[in-house]
Every structure is written in C-alpha cells, then in structure tokens.
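Undergrad: next comes the sequence, and after it the predicted model I'd like to discuss.
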Amino acid sequence: VLLFKMFALVAFFLLGIERIVYGYIFHFTESFKKLCDGPLKAVLDHDEGLYWMVAKHIGVVIKVFQFGVIGYDLLISRSFGLAPAYLLLPGLGLIGAGQVLNAATFNALGAIGVYYGYQLGYKVPMVSCFPYNMGIGDPQYWGVVLCVWGMYLGLCGAGAEGQVLRHFVVPVLETFWYVMSMKVLEHEKNGAAALKAIGIKSRYAD
C-alpha cells in the first residue's frame, strides 16, 4: 500500500509537468519568448528563430516524463499481460479512436497550430473541419486520454486481478491533468490566475 501511494504521488507530479509547461506557454507568451531569446537561444537558433518550434521541441523532451511513468507502470512494476478479448478489443478501439483524433488535429491545424503558434503571434487559420466539427473542445487532448485508457484496458491481464484501483491509477491521473489543462491551466479567463496561484508567474507583460 505504501509503495502504491508513493508511486501515485510521484506519478501525479511527473504527469503534471507537461501540462503546467504548456499552460505557461499558452498564457505567458512574452515570458516564453524572452526565455527563448535568453537561456534557450541555442534551441531558438537551431529552430530558425521560430518560437513555436521551440515549444514543439520542449514538448518532445517533456514527453519523457509521461512515457517514463507509463512505461515503468506497465512494463517494470508489474507482470506484463494482455487482457481477455472482451477487454482487449474495446481497448484497441479506444487507442484507434484516440489516434484518429490526434492525427486529425495535426492535419487540421498543422504543427504550428498544435504548438501554440496562434498564441505566440503566428498566423494560424481558424478551422471547422474534423475533428473541430464534432462539438467537443480540445479533441487532441481527448485523443490522448482515450489512448491511455485503451492501453491500460488492453493490458488488464492476470497481473491486474483484484487490483483495479492500482491498475488504473495512471489513466485516472492523466485524465485529471488533461481536464485541468482544458478547464483551468489553458482556460482563457482562469488559466493565468491558476498558474500564478501555484507560483508560475510572468516576468514580462503578456
């Protein structure tokens, strides 16, 4: 029980890093640009002076935390096992649906739109095509949530018997953080205040 609580606590903070960083880029764009012009100048130069490309590469790097938590949880901390067909097939369906939403978002917005190009001052056209014609906000985020739940459902093998809470703790935490991104950290009205409340502040006028 103690190890489970420790893992859940560490996973909570590690999975939150990505969401907080993206909230910072979303709201404190001038601070992010100054950071790129200063300590991250080498990265900015490598990315041909494009701030959104720096955001993209930061996103790739901090994915290590997400992949690390999921990889450790599914491949190291427990015995690996596929779920029976009645769970495996829905799990694969969720993964497929999540990947469709993710790919469609990139196709609609391009990488520049996904990685906060609009917020950083680049021209990003407004779109109304799939998946933005489904009536749901942030389809890429929901795609990630679906993928994570699908993986855990599909790998709900013998090692997960009698440990439902332990098995699904990471999908629950991921859902929490992605909903936090959508409803709080990247919310137009409340996000900046929420970030400031946890000590994330802009040093410049944004």
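TA: That came through fine. Numbers count the residues shown, from 1 in each chain.

Undergrad: quick one: the strands in this protein?
TA: Read by DSSP state E, the chain holds no strands at all.

Undergrad: which helix is the longest one in it?
TA: Longest helix in the chain by number of residues (criterion: DSSP state H): helix 85-114.

Undergrad: which of the residues in that one are classified as buried?
TA: Of all the residues in helix 85-114, those buried under the rule 16 or more other Cβ atoms under 10 Å are 87-88, 91, 94-95, 98, 101-102, 104-105, 108-109, 112-114. C-beta: built from backbone N, CA, C; applies to glycine.

Undergrad: also stretch 129-140?
TA: For stretch 129-140, by 16+ other Cβ under 10 Å, it's 131, 132, 138, 139, 140.

Undergrad: identify the residues contacting the fourth one.
TA: Put plainly, it is residue 139. Listed by Cβ atoms under 8 Å, 6 or more residues apart in numbering, the contact partners of residue 139 are 101, 104, 105, 131, 132.

Undergrad: one more time with 10 Å, if that's ok
TA: By Cβ atoms under 10 Å, 6 or more residues apart in numbering, the contact list for residue 139 reads 98, 100, 101, 102, 104, 105, 108, 130, 131, 132, 133.

Undergrad: of all those residues, which two lie farthest apart?
TA: Spanning the widest gap among those are 98 and 133, at 18.1 Å by Cβ to Cβ.

Undergrad: let me know how buried residue 17 is, in neighbour terms.
TA: 14 (other Cβ atoms under 10 Å).
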